[in-house]
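1. Provided below are the primary sequence and the corresponding predicted coordinates.
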Amino acid sequence: MLIFNEGTFTCMKILVVIPPDQFRDEELADPVAAFEKAGISFDIASTRKGVCKGMLGARAMATHSLEDVDPGEYAGIMIVGGSGSPTHLWENEMLIKLVQYFYKNRKIVAAICLSPVVLAHAGILKGKTAACYLSPASKREILKEGAYLSEKPVVVDGTIITANGPVAAKEFAAAIIHSLKG
């Protein structure tokens with residue numbers, strides 16, 4: 001059982017969630033590089049600890065599984081997309097609970113590519129505007145949950161930040177940093 005502590009964070013830190021297989025390389029690499037440059041620390045989590053594989057060959061180490069994350073340690077959550085997102089993240093109950101926790105506590109909730117569907121499934125996009133990589137399934141899932149889709153590459157709606165894919169990864173990272181430091 002996961003217990004969410006209501007602590008405050010001492011340094012600015014973000015939780016980065018990736019699919020264990022087929023995450024989109026740039027959607028992890030670009031934001032992580034931007035966070036490092038901005039002095040924002042991060043942890044990488046997935047559905048399991050260990051090496052995760054990117055669509056283009058990148059490898060990333062998930063030091064946390066979703067079950068052992070304490071969301072009270074983080075100022076926000078960023079969910080990377082890729083073709084592994086529908087299989088590994090869209091219906092993941094622990095990830096959905098984490099997203100709901102971050103949103104309820106007015107922390108940054110960010111997702112890119114196919115992963116904004118996780119936010120829709122968590123029920124936090126109803127009446128909100130979001131960007132997403134538009135596959136037939138992602139479009140259906142986001143609209144079904146009452147969100148509005150934008151053609152902009154990055155959309156900020158309150159504490160929710162969404163982006164449509166790898167080309168927008170740098171702009172997505174800049175929006176997250178701006179919101180964290182704002």
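-> The structure has been received and is ready for your questions.
2. where does the chain dip in pLDDT?
-> Residues of the chain that meet the criterion pLDDT under 70 lie in 1-11.
3. hey, where'd the strands end up in it?
-> 13-17, 21-23, 41-46, 50-54, 59-62, 64-65, 76-79, 108-112, 129-130, 148-149, 154-157, 160-163 (DSSP state E).
4. excluding chain neighbours, what is closest to residue 78?
-> Leaving aside its sequence neighbours, residue 78 sits nearest to residue 110 (Cβ to Cβ, 6 or more residues apart in numbering; 4.3 Å). Where C-beta positions appear, they are placed from N, C-alpha and C, glycine not excepted.
5. wait, doesn't that neighbour sit right on residue 80?
-> No. Proximity of residue 110 to residue 80 does not meet the contact threshold set by Cβ atoms under 8 Å, at 9.7 Å.
6. how many neighbours does residue 167 have?
-> Under the neighbour criterion other Cβ atoms under 10 Å, residue 167 is assigned a count of 12.
7. apart from its neighbours in sequence, what residue is nearest it?
-> Beyond its immediate neighbours in the sequence, the residue positioned closest to residue 167 (Cβ to Cβ, 6+ apart) is residue 153, lying 6.8 Å away.
8. follow-up on the earlier one: more neighbours, residue 110 and residue 80?
-> The neighbour count for residue 110 versus residue 80, taken as other Cβ under 10 Å, is higher for residue 80 (33 against 30).
9. do you know how far that one is from residue 55?
-> 11 Å (Cβ to Cβ, to the nearest Å).
10. shared neighbours, these two?
-> Shared contacts of residue 80 and residue 55, defined by Cβ atoms under 8 Å, 6 or more residues apart in numbering, are found at 23, 24.
11. which of the residues in stretch 126-135 are buried?
-> 128, 130, 131, 132, 133 (16 or more other Cβ atoms under 10 Å).
12. what comes into contact with that stretch?
-> Around stretch 126-135, the neighbours that count as contacts under Cβ under 8 Å, 6+ apart are 81, 113-114, 116-117, 119-120, 138-139, 142, 145-155, 157-158, 160, 162-165, 168.
13. quick one, what contacts the residue most central in space within the chain?
-> In the chain, the centroid-proximal residue (Cα atoms, centre = their mean) is residue 79; its distance is 1.8 Å. With contacts defined as Cβ under 8 Å, 6+ apart, residue 79 is in contact with 17, 85, 89, 95, 99, 110, 111, 112, 115, 118, 119.
14. which ones are touching residue 110?
-> With contacts defined as Cβ under 8 Å, 6+ apart, residue 110 is in contact with 76, 77, 78, 79, 160, 161, 162, 163, 172, 175, 176.
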